[in-house]
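Trainee: dropping the sequence and predicted coords here.
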Amino acid sequence: MSDAILATRGLSRRFGGLMAVGDVALELHTGRLHAVLGPNGAGKTTLINLVSGDLPASAGSIHYKGEDITRYSPDRRSRIGIGRSYQKTNIFPGFTAFENCRLAAQSRAPRVLHVFADAAAYRPVCQAAERALDAAGLAARGDRVASTLSHGEQRQLEIAMVLATAPEVLLLDEPLAGMGAEEAQRMVALLKSLAREHAILLVEHDMDAVFAVADVITVMVNGQVLESGAPAQIHASPAVRRAYLGEDDTRDAAAAGATGSRKGP
Amino acid sequence: MALLAALALLALFPFAGTTFYTELVTKVMILAIFALSLDVLVGYTGLVSFGHAAFYGVGAYALGLLAPKYEAANLWLTLPAALAFAALSALVVGAFVVRVKGIYFIMVTLAFAQMFYFVFHDTKFGRGSDGISMNFKPVAAIGGFTPFDLANATHVYYFVLAAMLLVFVFLRVLLNSAFGRALQGIRSNEHRMRSLGYPVYWYKLASFTLAGALAGLAGYLSALQFGFVNPELLSWHQSGNVLLMLILGGTGSLYGAVAGAFVFVALQEIFSSVTTHWQLLLGGTIILLVIFLPGGLASLGGLFKRTVVGDPDDE
């Protein structure tokens, strides 16, 4: 608890009579990747929306570096170091990939009063944008208008934009959604390298990827945490198998089922 | 090239045209400033305001109300005051309206503009529906020195031309600054801007205030040119007309805003000289333009490039 950079307690979100997320407690630590698994409708994206501030919580609290941020606006959470990416690509389609990242990086150095200075000539922000593009594997695509990038590249841009804001906590909502095998492999490698210096909350359907990168896995069903622990523990858990992986207890079957549920483009 | 030609044409125009045309083009350039100010909101921040005439009117009334009865007002005192009043009005209105989005934004800006209209129309403070006639044109005196004469139509023409160019260049630079690019990000994807850490509300409010101040400048110049103000300056027709100028010219382009103002008034003049039912023709022309040239006049350049020159790289 004490060394967690971000911790939720009793976090809940109700939509009318539906408890989309109920009483979720989880902790994120720098250097660790915490994955959230669960079938569709388990409340995984809602959970990310609660932590990022896109949705207000109905109950419970979120603490970041000891500070209660439950009532903070999404932009304020971003400014203190919590960055998120979206499941549905959420970029500036008419801008170049570079400008997408430059704008993201600019949020750390807003310089609103420099109204006579060309923003594209401000080196520190441009360099941060270039680094982010490079980290996400898009260094060669900076000049392309974002809407003309391939689906996989737009997913990479989605991550690059978050990285450009230099966050300490990363909330990643299905970064692999709709990616081809090769792109997915590259993204998994990126996730591994990011996990070294960031605290990551990853929601992902691709079970192979999750077991390959996660340090901790939380399994959610119907908005509740079913089980949370190390990958080996989750894999061995009878409750998880019953509720999510199916009665069949071979890992191959589980992995095959998960690959089948990976969302297409 | 075309730009320099247009600029030269504007600079030399008073030597060629009659006073009537000099005054007409002066009026158009004032409307161009008004359209430029609205373009900041509509074309660069994504806020479609249907009440922008309120700030145009506040700028105009500032001169009307500040001008002393028996002597000339001073340009250098009343102009900054008009800008400040317009900016302050926009700041107060903006604090309420920039929270809302889409069609609701259109409706609340219209509602606020109607409130402003009736304040000037129905109160003693605004002197009612007749408005205010100024007995003297403002003077541009600094100490004992008067660099130009605001009672002279040609001098007013050049003063307004300079103001328009200044606004144009200022916006051009501003829109490339960090602040300007953030506004364009908000127009493109407000949700993502918030998620990237931008306090979107304050950016929109700043944009609304700036646009209001520039509209106030246009209103002030209009009052200066014609020597009187009345509530019609703040009417919703006025808000609608400037929106039409932008649509004609193409939103999100500073050239488009200026071109839209020129074409709008030109169409008005041409059609009204042909028939008393000119509004029908004007409306029809606008409908046709929207159908066949949805990007406005500003998109003609790109269209020409793609079809005649053949530049596939252009988005």
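Mentor: That came in fine, so what should we check first?
Trainee: can you count the residues close to the residue of chain B found nearest chain A?
Mentor: With Cβ to the nearest Cβ, the shortest gap between chain B and chain A falls at B:G197, namely 3.4 Å. Every residue, glycine included, has its C-beta placed from N, CA and C. Using other Cβ atoms under 10 Å in any protein chain shown, B:G197 has 24 neighbouring residues.
Trainee: do the same with B:A266
Mentor: By other Cβ under 10 Å, the burial measure for B:A266, its neighbour count, is 12.
Trainee: so what's it scoring on pLDDT?
Mentor: You'll see B:A266 listed with a pLDDT of 93.
Trainee: on the three-state scheme, it is what?
Mentor: helix (DSSP: H, G, I helix; E, B strand; the rest coil).
Trainee: returning to that earlier point: contact partners for the residue of chain B closest to chain A?
Mentor: Residues in contact with B:G197 (Cβ atoms under 8 Å, 6 or more residues apart in numbering or on different chains) are A:D75, A:R76, A:S78, A:R79, A:S107, A:R108, A:T165.
Trainee: apply 7 Å and report the result again.
Mentor: A:D75, A:S78, A:R79, A:S107, A:T165 (Cβ atoms under 7 Å, 6 or more residues apart in numbering or on different chains).
Trainee: and chain B, which of the residues you listed reach it?
Mentor: Checking these against chain B by Cβ under 7 Å from any Cβ of the partner chain, the ones in range are A:D75, A:S78, A:R79, A:S107, A:T165.
Trainee: list the buried residues in the helix or strand in which B:F96 is found.
Mentor: Under the criterion DSSP states H and E, the helix or strand holding B:F96 is helix B:75-97. Residues B:75, B:78-79, B:81-83, B:85-91, B:93-94, B:97 are the ones in helix B:75-97 that count as buried (16 or more other Cβ atoms under 10 Å in any protein chain shown).
Trainee: what does chain A put close to chain B?
Mentor: A:52, A:74-75, A:78-79, A:84, A:90-92, A:94-95, A:103-104, A:106-107, A:110-112, A:114-119, A:145, A:161, A:165.
Trainee: try it again with 6 Å
Mentor: A:74-75, A:78-79, A:90, A:92, A:94, A:103-104, A:106-107, A:111-112, A:114-119, A:145, A:165 (Cβ under 6 Å from any Cβ of the partner chain).
Trainee: in helices only, show me these.
Mentor: Secondary structure from DSSP state H places A:P74, A:D75, A:S78, A:R79, A:L103, A:A104, A:Q106 of the residues of chain A next to chain B in helices.
Trainee: going by neighbour count, which of those comes out on top?
Mentor: A:A104 (32 neighbours).
Trainee: what is the burial count for the residue nearest to that residue when sequence neighbours are not counted?
Mentor: Spatial nearest neighbour of A:A104, excluding adjacent residues (Cβ to Cβ, 6 or more residues apart in numbering or on different chains): A:A164 at 3.8 Å. By the criterion of other Cβ under 10 Å, A:A164 has 28 neighbours.
Trainee: just to check, A:A164 is in contact with A:A129?
Mentor: Yes. Using Cβ atoms under 6 Å, A:A164 is in contact with A:A129, at 5.4 Å.
Trainee: so which residues of chain A form helices?
Mentor: Per DSSP H, chain A carries helices over the ranges A:44-52, A:74-80, A:97-106, A:123-135, A:151-164, A:181-197, A:207-213, A:231-236, A:238-240, A:251-260.
Trainee: highest average neighbour count across these?
Mentor: Of the helices of chain A, the one with the most neighbours on average (mean count of other Cβ atoms under 10 Å in any protein chain shown) is helix A:97-106, at a mean of 28.
Trainee: go ahead and flag the most central residue of the chain.
Mentor: You didn't pick a chain, so chain A it is. Central residue of chain A (Cα atoms, centre = their mean): A:L172, 0.8 Å from the mean position.
Trainee: wrong one, I was asking about chain B
Mentor: The centroid of chain B falls nearest to B:F34 when counting by Cα atoms, centre = their mean (0.6 Å).
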